[in-house]
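Enquirer: sequence and predicted model, in that order:
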Amino acid sequence: MTSMGNALVSVRNLRKYFPVGGVLFTKAWVKAVDGVSFDIYEGETLGLVGESGCGKTTTGKLILRLLEPTDGEVYFEGKNVFKLRGKELREFRRKANIVFQDPYTSLDPRMTVFDIVMEPLRVHGIRVEDPEQFVVKLLYEVGLNETHLYRYPHEFSGGQRQRIAIARVLALRPKFIVLDEPTSNLDVSVQAQILNMLKELQKRYGLTYLFISHNLGVVRYMSDRIAVMYLGKIVEMGPADEVFENPLHPYTRMLLASIPVPDPKISRSRRRTKITGEPPSPINPPPGCRFHPRCPHAKNVCEKEEPPLIEYSKNHFVACWLYAKR
Amino acid sequence: MSERKPLIEVKNLRIYFYTYAGVVKAIEDVSFTIYEGETLCLVGETGCGKTVTSRALTKLIKPPGRIVSGEIIYYSPRGPINIVELSEEELREIRGKEIAYIVQDPGAALDPLYTVGYQISETMVDHETVRDWKEAFRRAIALLRETLIPEPERRAKAYPHELSGGMKQRVVISIGLSNEPKLLIADEPTSFLDVTVQAQILELLRELKARKGLTLLLITHDMGVVAEMCDRVIVLYAGTIAEVGPVERMFYRPLHPYTTALLRAVPNPLQRMEKLEAIPGTIPNLINPPPGCRFHPRCPYAMDVCKRERPPMIEVEPQHFVSCWLYAKRG
Ligand SMILES: Nc1ncnc2c1ncn2[C@@H]1O[C@H](COP(=O)(O)OP(=O)(O)OP(=O)(O)O)[C@@H](O)[C@H]1O
Ligand SMILES: Nc1ncnc2c1ncn2[C@@H]1O[C@H](COP(=O)(O)OP(=O)(O)OP(=O)(O)O)[C@@H](O)[C@H]1O
Ligand SMILES: [Mg+2]
Ligand SMILES: [Mg+2]
């Protein structure tokens, strides 16, 4: 890992609140992302994990400015993404892109593979000398070939569709890709193909990834660093091996203790942290530390004050009153 | 498990779906046994036939699907019965009573219009395992308590939408347990749930199983869940059984190239892994499945015979079976 090089992406105090119950009669807000800060370094993969609804996708979309924030900033190559206009914004859209979870809905069923891969270039007004050759070259990069050029999405398996979606993103020679659960709908045998391919492409093109997933095995395999989210907040962040082998936050520990491990001796002899509760609604998150109702170590202060994210050991951050001094 | 009594024996089961596009050969000559008191896992990737196999156990195959051949011997308290030959009426006696199901999506399994207490009671009243509704309701509350739902008296009066995903799945489990079945079939009971909730539901199933002496058939595509829960494992591939064996042997000494490959393709969260070993290719289409061994096009060890002839099931070690020509002595 080119540890702590240049930050390609910097996220600062990012917030996104969604109104509940219509815009006019808003009584409550879903605090989907609520004051999140982190950097993504050039060439690395930052894994973003957490349970359903904790704000992973919203964070990814905000970074790409597919959503406007309620508050906060995102810097890409030093520039505030939310202030970009005209040519600069188009340039950003070329350099930073996203691959979604569902390969079944993310491709237009009426377009051929050739058109799907060429479309971003048309949108950006980029000309290539020999479009067919250009697309074929990309198809080879993602493990497809010229026989697939003029076929339609429904003729492909889930894994192949995800390959097409990746080829389309690669067509613009991006620097940064948000991978939002790119293999969650795929079988393990196919998932392994796609994950390996993403790693190879990253090396070959020096890509930077934000890898979103709720599958901890997948996140560990893919990431240099990991950020753990709970109800709109980052509760822990650090090098992948650190977070997995020396988890600090009680929520991270609970998550790790919850994963079924594909090894019967280990999974049956493992000391079990007591796992309790379910993630509460982000509409009225608990005050103080949002995890306190489920936390075995909750103290008085946890119910009242939100713990700050502190650097507990080198590059390993945690937001928990067990570690922070008031 | 010293002396094992079979509860269900599936013999040469074949299930086809007669669709417009052609005949989907979903289950091809599948045989296995479920022993009393065990947790047996059916594992495999999408479309390999896990759900269809489990539904066949109470003949829940709807057109265009049909059980083409085979026997399903259920060793009922009244003696052995071939499920395949039973009438709908006879089956109703067994379904939900002696053999109960828990499905993947707890939201869809519950009726939004009735309270959960009513829905649990209803299964008992239908099967006349209680005297009246009053007793049923009392039992429903006890079941909610057993599945660790807080404040069961209050929750019994709740509608499904008022409960979280994990709570709904506990209700579905309560319904499954309500008539004290001998066999509980859980079809991916946690794949819609978050991992911390999944851990709690698996723990609950383990605990209930031990306490009630249930037999559990657990369907999953997650090797982690298999490792955690099962005594024995059946690995399905494209409608055929690749391998059957005790869980530890399956993980530490797998025989079938598909099992080996599947295990190497799963990212282990407790280990730093440099590279996953992907299985090339994709799952075959079951209208025109590959001849011979259905795995041969993706198998690194495929030989000529694999392309021509279906491998027999061989007991390589006691209770460890594999269907692969690498282990078969021919002729
Ligand atoms: N457009 C929207 N309008 C209202 N609420 C939204 C919207 N998008 C997301 N939310 C809410 O914001 C919260 C965070 O959602 P988000 O999709 O970011 O979660 P996630 O971590 O990606 O979850 P998952 O693992 O299920 O994909 C959720 O409570 C969600 O319901
Ligand atoms: N109603 C149907 N019509 C046609 N084919 C069907 C039907 N139901 C199931 N099949 C086919 O039978 C095969 C087995 O399906 P089954 O649902 O048992 O798979 P599964 O292993 O449970 O997969 P998953 O992990 O996706 O739940 C599949 O190839 C499927 O396409
Ligand atoms: Mg999401
Ligand atoms: Mg299924």
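Expert: The structure has been received and is ready for your questions. The shown structure was predicted, so the numbers you read here are calculated from the model rather than taken from an experiment. Ligands and ions are numbered 1, 2, ... in the order given.

Enquirer: phi, psi for the residue nearest to B:Y35 when sequence neighbours are not counted please.
Expert: Spatial nearest neighbour of B:Y35, excluding adjacent residues (Cβ to Cβ, 6 or more residues apart in numbering or on different chains): B:R4 at 4.3 Å. Every residue, glycine included, has its C-beta placed from N, CA and C. Per-residue torsions, B:R4: phi -110, psi 130 (degrees, to the nearest 10).

Enquirer: count of residues packed around B:R4?
Expert: Each residue near B:R4 was counted by other Cβ atoms under 10 Å in any protein chain shown, and the total is 12.

Enquirer: and if you look at B:E188?
Expert: Residues near B:E188, counting by other Cβ under 10 Å: 18.

Enquirer: looking at chain A, which residue is nearest ligand 2?
Expert: The nearest approach of chain A to ligand 2 comes at A:D187, 8.1 Å away (Cβ to the nearest ligand atom).

Enquirer: how close does that residue get to ligand 4?
Expert: Going from A:D187 to ligand 4 by Cβ to the ion, to the nearest Å gives 12 Å.

Enquirer: what about the closest residue to that residue other than its chain neighbours, how many neighbours?
Expert: In space, and not counting its chain neighbours, A:D187 is closest to B:E45: 3.8 Å by Cβ to Cβ, 6+ apart. B:E45 has 22 neighbouring residues, counting by other Cβ under 10 Å.

Enquirer: and if you look at the one 5 residues further on?
Expert: Burial of B:K50 is recorded as 22 neighbouring residues (other Cβ under 10 Å).

Enquirer: B:A56 is in contact with that one, correct?
Expert: No: with contact defined as Cβ atoms under 8 Å, B:K50 does not count as touching B:A56 (11.0 Å).

Enquirer: next, show the common contact partners of these two.
Expert: Between them, B:K50 and B:A56 share no contacting residue under Cβ atoms under 8 Å, 6 or more residues apart in numbering or on different chains.

Enquirer: nearest the geometric middle of chain B, what residue?
Expert: By Cα atoms, centre = their mean, chain B has its centre lying nearest to B:I219, at 3.4 Å.

Enquirer: so what's the residue lying closest to A:V261 once chain neighbours are set aside up against?
Expert: In this structure, A:V261 finds its nearest non-sequential neighbour in A:S267, 4.3 Å apart by Cβ to Cβ, 6+ apart. Applying Cβ under 8 Å, 6+ apart to A:S267 gives the contacts A:P260, A:V261, B:G224, B:A227, B:E228.

Enquirer: how about 10 Å then?
Expert: A:S267 sits next to A:I259, A:P260, A:V261, B:G224, B:V225, B:V226, B:A227, B:E228, B:M229, B:F251, B:L270 when contact means Cβ atoms under 10 Å, 6 or more residues apart in numbering or on different chains.

Enquirer: again, but for B:R272
Expert: B:R272 sits next to A:R220, A:Y221, A:A240, A:D241, A:F244, A:E245 when contact means Cβ under 10 Å, 6+ apart.

Enquirer: need those residues in JSON lines with secondary structure, distance to ligand 2 and pLDDT, can you?
Expert: Formatted as JSON lines, the contacts of B:R272 follow (DSSP: H, G, I helix; E, B strand; the rest coil; distance: Cβ to the nearest ligand atom, whole Å; pLDDT from 0 to 100):
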{"residue": "A:R220", "secondary structure": "helix", "distance to ligand 2": "24", "pLDDT": "95"}
{"residue": "A:Y221", "secondary structure": "helix", "distance to ligand 2": "22", "pLDDT": "96"}
{"residue": "A:A240", "secondary structure": "helix", "distance to ligand 2": "29", "pLDDT": "96"}
{"residue": "A:D241", "secondary structure": "helix", "distance to ligand 2": "32", "pLDDT": "95"}
{"residue": "A:F244", "secondary structure": "helix", "distance to ligand 2": "28", "pLDDT": "96"}
{"residue": "A:E245", "secondary structure": "helix", "distance to ligand 2": "32", "pLDDT": "95"}
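
Enquirer: just the buried ones from these?
Expert: For these, a burial check counting by 16 or more other Cβ atoms under 10 Å in any protein chain shown picks out A:R220, A:Y221, A:A240, A:F244.

Enquirer: hmm, the first one is touching A:G47, no?
Expert: Yes: with contacts defined as Cβ atoms under 10 Å, A:R220 counts as touching A:G47 at a distance of 7.5 Å.

Enquirer: list residues touching both of these two?
Expert: A:S213, A:I226, A:A240, A:V243.

Enquirer: how much space between the first one and A:S258?
Expert: For A:S213, the distance to A:S258 equals 15 Å [Cβ to Cβ, to the nearest Å].

Enquirer: quick revisit: wait, a strand at the residue nearest to A:D187?
Expert: No: counting by DSSP: H, G, I helix; E, B strand; the rest coil, B:E45 is located in no strand; its state is coil.

Enquirer: could you measure from it over to A:A298?
Expert: 41 Å.

Enquirer: one more: A:L170?
Expert: Plainly put, A:L170 is 46 Å away from A:A298 if you go by Cβ to Cβ.

Enquirer: pretty sure B:P181 contacts B:S76?
Expert: No: counting by Cβ under 10 Å, B:P181 does not reach B:S76; the two are 11.7 Å apart.

Enquirer: could you look up the SS state of A:V135?
Expert: Under three-state DSSP, A:V135 comes out as helix.

Enquirer: on the three-state scheme, the closest residue to it other than its chain neighbours is what?
Expert: Closest residue in space to A:V135, ignoring its immediate chain neighbours: A:V117 at 4.8 Å, by Cβ to Cβ, 6+ apart. When classified by three-state DSSP, A:V117 comes out as helix.

Enquirer: what's the neighbour count on B:S31?
Expert: Look at B:S31: counted by other Cβ under 10 Å, it has 15 neighbours.

Enquirer: so what's it up against?
Expert: Contacts of B:S31 (Cβ under 10 Å, 6+ apart): B:E9, B:V10, B:K11, B:N12, B:L13, B:G70, B:E71, B:I241, B:V244, B:M313, B:F321.

Enquirer: okay, now the unreliable bits of the stretch 51-200 of chain A?
Expert: Low-confidence segments of the stretch 51-200 of chain A (pLDDT under 70): A:103.

Enquirer: run through the helices of the stretch 101-250 of chain A in chain order.
Expert: A:113-123, A:131-141, A:158-170, A:188-205, A:216-222, A:240-245, A:250-258 (DSSP state H, counting those that start in this stretch).

Enquirer: if you could redo that for the stretch 51-200 of chain B, that was the one I meant.
Expert: For the stretch 51-200 of chain B, the helices defined by DSSP H, counting those that start in this stretch cover B:88-94, B:106-109, B:116-126, B:133-146, B:152-155, B:165-177, B:195-212.

Enquirer: need the least confident one among these, by mean pLDDT.
Expert: Least confident of those, judged by mean pLDDT, is helix B:106-109 with a mean of 86.

Enquirer: pull the residues that contact that helix.
Expert: Residues from elsewhere that reach helix B:106-109 (Cβ under 10 Å, 6+ apart): B:101-103, B:119, B:160-161, B:163-173, B:175-176, B:189-190, B:192-193, B:201.

Enquirer: now those: which count as buried?
Expert: B:101-103, B:119, B:160, B:163-173, B:175-176, B:189-190, B:192-193, B:201.

Enquirer: report how many residues lie close to residue 104.
Expert: Since no chain was named, I'll use chain A. A:Y104 has 14 neighbouring residues, counting by other Cβ under 10 Å.

Enquirer: chain B was what I was after
Expert: 19.

Enquirer: wait, it sits on B:K168?
Expert: No: assessed by Cβ under 10 Å, B:Q104 is found out of contact with B:K168, at 11.8 Å.

Enquirer: need the residues touching each of these two.
Expert: Common neighbours of B:Q104 and B:K168, counting by Cβ under 10 Å, 6+ apart, are B:F192, B:L193.
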